[in-house]
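Asker: Sequence below, structure please.
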Amino acid sequence: MIEAANIREWRNHNVVDPAGRKIGVLEAVYVDTTTDDPAMATVRTGLRPRHRLVFVPLDGAIVGPGYVKVAYAKKLVRKAPAIGTDDVLPAEAEEAVFQHYGLTYQPGAGGERQLARR
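Answerer: This is a model prediction of the structure:
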């Protein structure tokens, strides 16, 4: 399990896929609102001025010196739902992120969001 106390230190680390290919740079970590465990990260991809933030799950991620290795291939991550660098993920778009990776989406009993930016 990844230590939640360290997630702020990951910002600006390279994010790589299982083969070591660079996907982009870690921008932010989102936690599961029911457990407060790191669940997703946004990765800054693209070239200036066309940067965008794509979402990638952190299950199975490994943190190393200067990088975060995720369990998903670069090609899959690059096609994930994205937001602009100054945008926030709309509540109604949250489920699409989970579906892209074949993960189960479970909002709170009162319809609360599953993800919160840390």
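
Asker: Identify each buried residue in the lengthiest helix in the chain, please.
Answerer: As assigned by DSSP state H, the longest helix anywhere in the chain is helix 94-100. Neighbour counts over helix 94-100 (16 or more other CB atoms under 10 Å) mark 94-95, 97-98, 100 as buried. (Glycine included, C-beta is placed from N, CA and C.)

Asker: any idea how far the closest residue to Pro18 other than its chain neighbours is from Val15?
Answerer: Closest residue in space to Pro18, ignoring its immediate chain neighbours: Ala71 at 6.3 Å, by CB to CB, 6 or more residues apart in numbering. According to CB to CB, to the nearest Å, Ala71 stands 11 Å off from Val15.

Asker: any idea which helix or strand carries the spatially most central residue of the chain?
Answerer: The chain has Ala41 as the residue nearest its centroid, 2.0 Å off, counting by CA atoms, centre = their mean. In this assignment (DSSP states H and E), Ala41 forms part of strand 38-45.
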